[in-house]
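>>> got a structure for you, letters missing:
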Ligand code: FES
C-alpha cells in the first residue's frame, strides 16, 4: 500500500487491523480510542474514503492509497483543513483531532471548510470528550477564534496552544506514541467474580508459552497496601489496595499479569492461566452495605493502619455535625420542602485510555512515561510501593489525551514499573476501552436527602442533608469526594441552622474515584433541585431565591462545624452570574419548541474553591537560555486543560516576549523540584502562580545584571503553596422542550455565566466551560455505567452514550467582571466547575415544563416518559384514567 504517498511493504498479521499496522510502521498520528469503530480517533482515508482503521483489516488496504493526518500537511505547512482547526483552536486535548481532520478532508472545500446540512450526521462517528463540539463546528465553518502571537502582548488574548501545529498535523506525541521496537507488553487477567478468594493460580502453561517473559500473581508483588487515588498527602486516601491481591472485591479487578514480546502473545498467555476461586457473598447496594450482617469488603483491615473509618460497617469515611438548631429552624419555617435525589455511575470517557511505558535509563533509574495528571504523586507512590528512593524514579508525560480527574489514579503504572524492574527491559500497558469501563474508577453514585425550611420571604431557616456515597470496592478518593461534594454545595448558602450527615461506603462494585467537580455535581443536583422547589412554594423566581440566600463577602463558609478559614473571598461575581444567566434566558431567543411539546426554564448555581484544601504545591523555573529563548520548567501536565498555553502566556506577558519564543518543559519530575499536579483546577492558579513568580524573579535577576550560571543560563525560581484559597461561581440556565408522549427532551437555550476572575485566554476558557457543560448534559440525560450483580454491562461507546455533536446545543458563555486578589493577574480556576450546575438546571426546567420533578440522573428518555405519564395520570380524574 501507499501510506501518505510512500510505498510500504510488509506482512500484516492475520486479522490485524489497519490502525495497529500503521502504528507499528511508526505512524502514531492514528490513535487508539475504542477498538470498536465508535469514536473515530483512528480515522484514515483509504482511496479517499474515511474509514475507522481500528475495524478495517490491514489486508484490505493492500494495493490502496492510505492517507493519515500526516499526509495532509506538516507543522510548517498545514493543509487547508488543518489550518481551519488552527484558526478556530478546534481542540483541547487534541486526541480526537486527527480523526476530525482526516474525515473533514474528504468533504472539504478547497479552503478547508466543510459546508454541509447534515454535519451532525456526517460526524456522528467522531466523538470529542473535551470541547462540547462548538470549536470543532467553528473550525469546519472556517471561523477564526485566535489572536496572532507577537508584539509582546499575550495576556487576555486568545493566543493559540503552543503545541497547536503539531496537534492538528498529527506530530504531537501522546503517552504511548513511541517506537515499539524492543518493548515488552503487559496483559491482565481480571476477576469474573465480584467477591472471591483466589485459592490457586497455575501459571505453568502461560509461562511456558514462547515469547512470555514474566508472569505476576499475588505471590510476586510487594506486600504493601496503598491507594490508586493520588493526593498531595498520601494519608488522604485509605491504604486498602494491593498491587495484586489474593482476594478480589469487584468484577474486573486485576488478578494476574503476563509480560510478553507482543500483545497477542501476552493475551494468549493470560487465557492459559488457571485460577480456582472460592466465591464469597457480595454486596452491591450501598444502603445494604452498612447494615449489620452485610458482607464486609475490607473487614479484615485495621481501621487505624489503613485509615478506614469503620471497616466493620463498610464505612470508609463519614461526617456528622450540626451548627445552630435545625429542628428549631424547621419548626419555625413558613415553608418546608424535602426530597431524595440519586445520581448514576458515570465514566470519564477520555479518548486516550490509561497507559504507561517504563524502562531503565543509562544510570539504571526507573523511568515511567504515563498518562497521568499527577507525575510527582505517581513517582512518590511508586517509590513507596516498590521500596525505592524517590530520586531513583522519574515519571514523565507526553501530551495526555484527556483526564477529567480519571488520570489522578495510579491504575497502570505500578505493574509496569514492577515488570520493568523484574525484566530489566522496557514494558508497556495500554488499557482497552472495555477495561476503562470495568476497571477504572468513575464518578461516585450518590443518594442525597435534602430538607429545607424558609421564612415567608424565602430566607432559609434550616438546611438538613443526609448523603450516601458508593465508593465501590476501594476507597480511592472516597473521603475527598464525600467531603468536597458536601462542602462548597452547603457552604454556598447562608443559613444559621445546618445539619449534615454523610457517609461513603464500600460495596463490591467497580471503584469510584475523582471526576470533574469531585462530588459537587451530585450534591449540587439535590440542593439546587430542593431550592427550586422552595422558590415555587414561596413564589420567587429561581434567581431571586438564590439572591436572598447565597453567601456574600464577609460571610463565613460553614458546613456542619467550624467555618473554613482557609477559604476567602478573593473576589465575588455570583451576583453578576445570576443577573447574566437570568437576562440571557429572559431574552426569549433560542430554538423554537416542536408543536405540542411542553416548555420549561430552569436555573442552578454552584460554588467551588479554586484550590483543594490542605495544601497544593508547585515549584517552577523560568530561565533565559544561551540561545536567547526563555524556557519554563514546571511539573504539572497538559491534558487538554490549557495549562501549557496559560503558563506560556503568563511568562510572555511578564517578560514582554512573543509567546513563540517561550519553550515549555512540563509534566516531568526532572523538570521542577515539585508539583502536586493538575487536579482541583489548579493548573492556572497554583502552577500558574509559581510560573509567574519565577518569571518575575528572572526579570529581577536580569535587571540586576546577574551573570549566567555554568550552563549559560539565568534562572528565576517561583513557588506557590495553595493557601489561602478563593472561590469561583457558576450559574447555568436552560430552556427545554419535552415531548410527554415519548420522553424526548431538547435543550432550546443554554447559557452559563462564570466567575473566573480575569480571563487569561478567552477562547481556552470558553472551551473549558463548553466542555464542562457538555459533560454535564451527558450525565444529566444519557450517560450511565450499568451494573448487573456488580458486573459492568455497558462496556463500549456503542451502549454508553457519550454526547455526539448532534446531542449538544450551543451554550452561550458569559463572564462576570471580577479581579481575584489571590490568583495570577486576578485569574481564578475554571476547569471543573462548569459541570456542576448543569444537571439541576435541566431538572428544574423539566419540573417547570411538566409539573413533576425528576429525582434521578440520568434523566434518560424512559425515565422522563414515565415521569410525564405519572404526572398526567395524577392530574386525571379516576374516570379519565385508562
Ligand atoms: Fe476532542 Fe480531547 S479535544 S477528545
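Cool, the structure landed. Worth saying up front: this structure is predicted, and the values here are computed from it rather than measured. Numbers count the residues shown, from 1 in each chain.

>>> From now on I want contacts and neighbour counts done on CA atoms only, so please keep to that.
OK.

>>> Strands of the stretch 251-400 of the chain, start to end?
In the stretch 251-400 of the chain, the strands defined using DSSP state E, counting those that start in this stretch lie at 254-260, 274-279, 315-323, 335-343, 355-360, 366-370, 393-396.

>>> now the fifth one and strand 366-370, what's the angle there?
Counting by axes from the mean of the first three to the mean of the last three CA atoms, to 10 degrees, strand 355-360 lies at 160 degrees to strand 366-370.

>>> Partner strands of strand 355-360, with direction?
Partner strands for strand 355-360, per DSSP bridges, with pairing direction: strand 366-370 (antiparallel), strand 427-430 (antiparallel).

>>> Would you confirm that residue 738 contacts residue 748?
No - between residue 738 and residue 748 there is no contact, the gap being 10.2 Å when judged by CA atoms under 8 Å.

>>> can the strands paired with strand 355-360 go into a markdown table with extra columns for mean pLDDT, mean neighbour count and distance to residue 113?
As requested, the strands paired with strand 355-360 are exported to a markdown table (pLDDT from 0 to 100; neighbours: other CA atoms under 10 Å; distance: least, CA to CA, whole Å):
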| stretch | mean pLDDT | mean neighbour count | distance to residue 113 |
| --- | --- | --- | --- |
| strand 366-370 | 98 | 25 | 36 |
| strand 427-430 | 98 | 25 | 35 |
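
>>> Out of these, which gets nearest to residue 579?
Residue 579 sits nearest to strand 366-370 of all those, at 43.6 Å, using CA to CA.

>>> Quick one: neighbours of the nearest residue to residue 687 once chain neighbours are set aside, just the number.
Using CA to CA, 6 or more residues apart in numbering and skipping the chain neighbours, the partner closest in space to residue 687 is residue 618 (5.2 Å). Applying the criterion other CA atoms under 10 Å, we find 26 residues in the vicinity of residue 618.

>>> repeat for residue 105
The local packing count at residue 105 equals 24, with neighbours defined by other CA under 10 Å.

>>> Now do the same contact list for it.
Contacts were defined as CA atoms under 8 Å, 6 or more residues apart in numbering; by that measure residue 105 touches 81, 112.

>>> Make JSON lines out of the strands paired with strand 355-360 and add distance to the ligand.
Written out in JSON lines, the entries for these read as follows (distance: least, CA to the nearest ligand atom, whole Å):
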{"stretch": "strand 366-370", "distance to the ligand": "17"}
{"stretch": "strand 427-430", "distance to the ligand": "17"}
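
>>> how about the residue in the stretch 201-350 of the chain that the ligand sits nearest to, what does it touch?
Of the residues in the stretch 201-350 of the chain, the one nearest the ligand is residue 350, at a distance of 6.6 Å by CA to the nearest ligand atom. Residue 350 is in contact with 129, 401, 402, 403, 404, counting by CA under 8 Å, 6+ apart.

>>> swap in residue 262?
Listed by CA under 8 Å, 6+ apart, the contact partners of residue 262 are 184, 185, 211.

>>> Residue 251 now?
When contacts are counted by CA under 8 Å, 6+ apart, residue 251 touches 190, 191, 192, 193, 194, 195, 438, 509, 510, 790, 791, 792.

>>> Distance-wise, check the second one relative to residue 197.
Plainly put, residue 191 is 10 Å away from residue 197 if you go by CA to CA, to the nearest Å.

>>> Who has more neighbours out of the two?
More neighbours surround residue 191 than the other of residue 191 and residue 197, with 21 against 16 (other CA under 10 Å).

>>> What pLDDT is listed against that one?
Residue 191 is assigned a predicted lDDT (pLDDT) of 98.

>>> Could you double-check that it lies in contact with residue 250?
Yes - counting by CA under 8 Å, residue 191 sits close enough to residue 250 to count as a contact (7.2 Å).

>>> Quick one, grab the pLDDT at the spatially most central residue of the chain.
Residue closest to the average C-alpha location in the chain (CA atoms, centre = their mean): residue 404, at 1.2 Å. Looking at residue 404, its pLDDT stands at 95.

>>> How about the one 4 residues further on?
pLDDT, the model's per-residue confidence, is 95 for residue 408.

>>> now for the helix or strand containing residue 579, which elements pack on it?
Assigned by DSSP states H and E, residue 579 falls within helix 574-586. With contacts defined as 3 or more CA pairs under 8 Å, 6 or more residues apart in numbering; DSSP states H and E, the packing partners of helix 574-586 are helix 542-547, strand 727-738, strand 745-755, strand 811-815.
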